[in-house]
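**Student:** Pasting the sequence and the predicted model now:
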Amino acid sequence: MRENGKRFAACLLAVAVASLAVAGCQVSEASSEKSWESQESTEAESVSESGEAQGAMENLNLAEEESWEEPEKWEEPEPEKITLSPEDYESWNQLLAENEISEDFARSLDEFAYESGSAVLRESQGNGNYSPLSLYYALALAGCGAKGDTAAQIMGRLGAEDSKELADQCRRLYQWYGYYSQREQERMAYYGKEDYQSAIQLGNSLWISDQLPVHEAYRELAAENFFAPSFPVDFKNSDTGKKMGGWIAKKTNGVMDPQIYVNPETLLAIINTLYFYGGWADPFPREMTKEDAFHLEEGGQVTVSYLNRTQREGAFKRGDGYTLSYLNTNNGCRMVFLLPEEGRTVGEFLESPERLREAMEVKEEEWVSGKVIWKIPKFNFGSSYSLNETLKAMGMEKMFDGQAEFGGISPAPLMVSSVVQVSHIGVDENGVEGAAYTMMAMGKGVMIENGELAEMILDRPFLFGIREEHQDVWLFLGVCRNPDEGA
């Protein structure tokens with residue numbers, strides 16, 4: 001574990017604000033905006049409905065006759081499969097150590113998570129789930145092909161000094177998650193635990209119009225550092241959207257199964273995916289699941305199903321107006337829950353990056369050991385965000401300009417027309433499953449270059465998060481205001 005990994009870490013950060021609520025954890029789904037405002041700009045839009053926490057979304061599955069079969073010729077680069085014995089602990093630990101990210105990169109991921117998470121979630125109405133890591137990877141892929149002021153703005157917000165180092169750190173993190181997941185799966189199978197479920201999986205891809213010349217050096221960088229295949233497509237063909245949706249479904253274990261609508265004028269689409277599954281280290285007994293009232297922020301209540309358990313040796317922190325605690329998953333992650341005191345709202349903790357960090361980030365020595373009484377509403381919801389205005393407000397407006405500089409990608413002028421993210425998260429007695437994809441569409445631009453006790457009775461809006469403990473990375477941030485919404 002990294003030294004600074006002694007801070008509380010968890011692999012999927014979702015800050016969920018539950019608004020007094022619904023029976024079960026119903027989630028609100030924001031729909032992607034549908035505005036293609038000019039012929040020069042291109043917009044790839046995705047409309048996605050979230051389904052069950054451990055299955056593909058049934059109500060948006062493509063008809064059988066429209067299903068997409070991946071062409072054999074589309075080879076996808078992936079980290080080399082490692083052939084080590086599950087009992088060779090020393091070699092596995094050495095491999096993981098070789099792929100650890102730097103302290104500076106971990107700090108940059110943290111800062112981006114809090115800045116973007118606060119910006120995205122404080123504007124949400126109802127529930128929300130957001131992946132800062134997925135957006136970071138999409139921006140990093142674009143930033144590695146940017147020049148001039150465009151590059152300066154993207155790199156500045158990503159906390160990166162140069163594209164070479166950024167690409168290398170992204171490669172390390174991608175490989176670390178892949179190797180860690182492989183080791184745990186093979187180790188559990190070796191010891192006869194065939195029902196073990198755990199995954200942290202990233203995916204990247206480039207979808208390139210047959211009308212766009214792309215530098216070979218950029219394709220190689222994308223493949224070698226982001227493991228991103230380059231798919232040649234015709235964006236004027238409606239089948240392209242089906243292919244993109246099929247690729248996303250494959251990379252997210254079927255949790256995301258979107259219908260993608262692409263502006264025919266699109267020249268390039270960058271897609272990142274993130275899939276996470278972590279079973280509870282100590283699952284909740286199903287016989288203890290009971291219905292009870294959830295109190296909404298605006299008044300009133302809904303009846304939802306609650307997971308119940310008393311944790312004899314838990315940990316918590318009492319802050320200014322809230323109590324924070326966490327549950328471990330079986331893959332070295334923690335899911336953190338922030339419960340505001342009665343009379344306080346979750347929105348208070350999303351007002352600024354500094355407030356969100358202060359509430360969600362805890363040094364290991366700040367945790368208080370003691371008994372924790374858990375009462376968590378089951379929830380299962382999805383969210384969708386159009387991120388153009390958010391990114392402009394964060395200081396990355398140049399890439400949306402007709403004079404954006406993406407000369408490292410193509411000799412043809414390019415500009416970003418849309419950035420969208422769609423995500424899903426579900427919590428039940430067995431564990432937590434989350435998935436997200438971020439899509440950036442580009443079009444034609446202008447030619448240029450201890451004895452204590454805590455009661456985590458989550459019967460009112462709350463924040464939650466999952467952070468990976470070894471590399472200190474927030475994968476998701478979310479907000480749940482009504483557990484019955486979206487179930």
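**Tutor:** Looks like it came in fine. Numbers count the residues shown, from 1 in each chain.

**Student:** In this protein, which residue is most central in space?
**Tutor:** In the chain, the residue lying closest to the centroid (CA atoms, centre = their mean) is Ser131, at 2.8 Å.

**Student:** How about the contacts made by that one?
**Tutor:** Residues in contact with Ser131 (CB atoms under 8 Å, 6 or more residues apart in numbering) are Leu12, Leu13, Leu274, Gln421, Ser423, Gly434, Ala436, Thr438, Leu475, Phe476, Leu477. The C-beta positions use only the backbone N, C-alpha and C, and glycine is treated the same way.

**Student:** from these, which has minimum pLDDT?
**Tutor:** Minimum pLDDT for those is recorded at Leu12 (39).

**Student:** Sticking with Thr438, tell me its helix or strand.
**Tutor:** For Thr438, the host element (DSSP states H and E) is strand 431-444.

**Student:** try Glu220
**Tutor:** helix 216-226.

**Student:** Please enumerate the strands of the stretch 1-150 of the chain.
**Tutor:** 25-26, 44-47, 128-130 (DSSP state E, counting those that start in this stretch).

**Student:** which stretch in those is the model least sure about?
**Tutor:** strand 25-26 (a mean of 34).

**Student:** tell me which element Gly246 is part of?
**Tutor:** helix 239-251.

**Student:** list the buried ones in that helix?
**Tutor:** Residues of helix 239-251 classed as buried: Thr240, Gly241, Lys242, Lys243, Met244, Gly245, Gly246, Trp247, Ile248, Ala249, Lys250, Lys251 (neighbour count, 16 or more other CB atoms under 10 Å).

**Student:** Format those as CSV; extra columns: distance to Met396 and pLDDT.
**Tutor:** Shown next, in CSV, are these (distance: CB to CB, whole Å; pLDDT from 0 to 100):
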residue, distance to Met396, pLDDT
Thr240, 27, 95
Gly241, 26, 94
Lys242, 30, 94
Lys243, 28, 95
Met244, 24, 96
Gly245, 27, 96
Gly246, 30, 95
Trp247, 26, 96
Ile248, 24, 97
Ala249, 29, 96
Lys250, 30, 95
Lys251, 25, 95
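
**Student:** ok so, going back, what's the helix holding Gly246 packed up against?
**Tutor:** Under the contact criterion of 3 or more CB pairs under 8 Å, 6 or more residues apart in numbering; DSSP states H and E, helix 239-251 touches strand 198-209, strand 230-233, strand 259-262, strand 268-279, strand 431-444.

**Student:** Lowest mean pLDDT across the ones you listed, which one is that?
**Tutor:** Across these, strand 259-262 gives the lowest mean pLDDT, at a mean of 89.

**Student:** how about that one as CSV, C-alpha atoms only?
**Tutor:** Once non-C-alpha atoms are left out, strand 259-262 reads as follows in CSV (Å, rounded to 0.1, in the frame of the first residue of the first chain):
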residue,chain,number,x,y,z
GLN,A,259,-28.4,3.4,-27.4
ILE,A,260,-25.9,5.8,-28.9
TYR,A,261,-27.1,8.5,-31.2
VAL,A,262,-24.3,10.1,-33.2
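
**Student:** shaky segments in the chain?
**Tutor:** 1-75, 446-453, 486-487 (pLDDT under 70).

**Student:** helix/strand/coil for Tyr177?
**Tutor:** helix (DSSP: H, G, I helix; E, B strand; the rest coil).

**Student:** Just the buried positions in the longest strand along the chain, please.
**Tutor:** Longest strand in the chain, counting residues (DSSP state E): strand 301-319. By neighbour count on 16+ other CB under 10 Å, the buried set for strand 301-319 is 301-302, 304-309, 311, 314-317, 319.
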